[in-house]
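Colleague: predicted model and sequence below, questions to follow.
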Amino acid sequence: MMVLVIGGSGSGKSAYAEKAADSFFKENNVDALSAPRSDMTGSMKKYYLATMQILDEEGRKKVERHRRLRDGKGFVTIEQPTDICRAIDRMETGERTVLLECISNLAANEMFSGEEAVAEKEVVDKIISEIEVLQRGTTHFVVVSNNVFEDGINYEETTMAYIRVMGAVNRELAAMADRVVEVVAGIPIMIKEQE
């Protein structure tokens, strides 16, 4: 199952995504129903695929905050700011739940890591093809992304190109996902639910 969780900055989407990943993990691990959180064992592994590159003090603080929030929740963290499909080689074989956080960092990393910005279509195609690889290699896949185009402001062209990439990736991910949830002020709103 693939779940896309979208929302604005500070909306509560990360907390919701963690709960979704945890619920899939518990469904597939009998021991999880009776064992304390720190002793959860079973056939399924739970991974947190982190895409943020730490570039400054603010970024470091954000990453540390997220690590503290995940502490004791049974996630194995894999830092993979680009080329996300390579993370699957760092996971144990078998059933796995993967939480990817987040597409906006990934898109920025893929688009702006070199001397010049990578073409929009190339970034979209790469992200979607690598998401497909991860989706095929996971039992449950929770993807976090940000809403775009909500402020109605026209930015300079490079920023607009990034926003267009985010819009295109979000549309593709929503089409691929079994479930799409938008989180607004901490409240999950179901956008799409497949049987």
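Modeller: Structure received.

Colleague: do a quick rundown of the helices in this structure.
Modeller: 13-27, 30-34, 57-70, 103-112, 120-136, 157-176 (DSSP state H).

Colleague: what mean pLDDT does the first one have?
Modeller: If I follow you right, that is helix 13-27. In this model, helix 13-27 has a mean pLDDT of 87.

Colleague: all further residue positions should be reported with the first residue as 57.
Modeller: All set: I'll call the first residue 57, so the last point we hit is now helix 69-83.

Colleague: where does pLDDT dip in the chain?
Modeller: The chain contains residues with pLDDT under 70 at 83-99, 207-208, 251.

Colleague: apply 90 and report the result again.
Modeller: Residues of the chain meeting the criterion pLDDT under 90: 65-66, 78-100, 109-112, 114-130, 149-150, 169-171, 204-211, 250-251.

Colleague: nearest to N203, out of the helices of the chain?
Modeller: Of all these, helix 213-232 sits nearest to N203, with 7.9 Å by CB to CB. Every residue, glycine included, has its C-beta placed from N, CA and C.

Colleague: what sits up against the closest one?
Modeller: Helix 213-232 has contacts (CB atoms under 8 Å, 6 or more residues apart in numbering) with 58, 60, 62, 159-160, 163-164, 167-168, 173, 176, 179-180, 183-184, 187-188, 191, 199, 201-205, 210-211, 236, 247-248.

Colleague: export only the CA atoms of that helix, formatted as CSV.
Modeller: Written as CSV, here are the backbone C-alpha positions of helix 213-232 (Å, rounded to 0.1, in the frame of the first residue of the first chain):
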residue,chain,number,x,y,z
GLU,A,213,11.9,31.7,-12.7
THR,A,214,14.1,29.2,-10.8
THR,A,215,11.7,29.1,-7.9
MET,A,216,8.7,28.8,-10.2
ALA,A,217,10.5,25.9,-12.0
TYR,A,218,10.9,24.2,-8.6
ILE,A,219,7.2,24.8,-7.7
ARG,A,220,6.2,23.4,-11.1
VAL,A,221,8.3,20.3,-10.4
MET,A,222,6.6,19.9,-7.0
GLY,A,223,3.2,20.2,-8.6
ALA,A,224,4.0,17.6,-11.3
VAL,A,225,5.5,15.2,-8.8
ASN,A,226,2.6,15.6,-6.4
ARG,A,227,0.1,14.9,-9.2
GLU,A,228,2.0,11.7,-10.2
LEU,A,229,2.3,10.5,-6.7
ALA,A,230,-1.4,11.1,-6.0
ALA,A,231,-2.2,9.0,-9.1
MET,A,232,0.1,6.2,-7.9
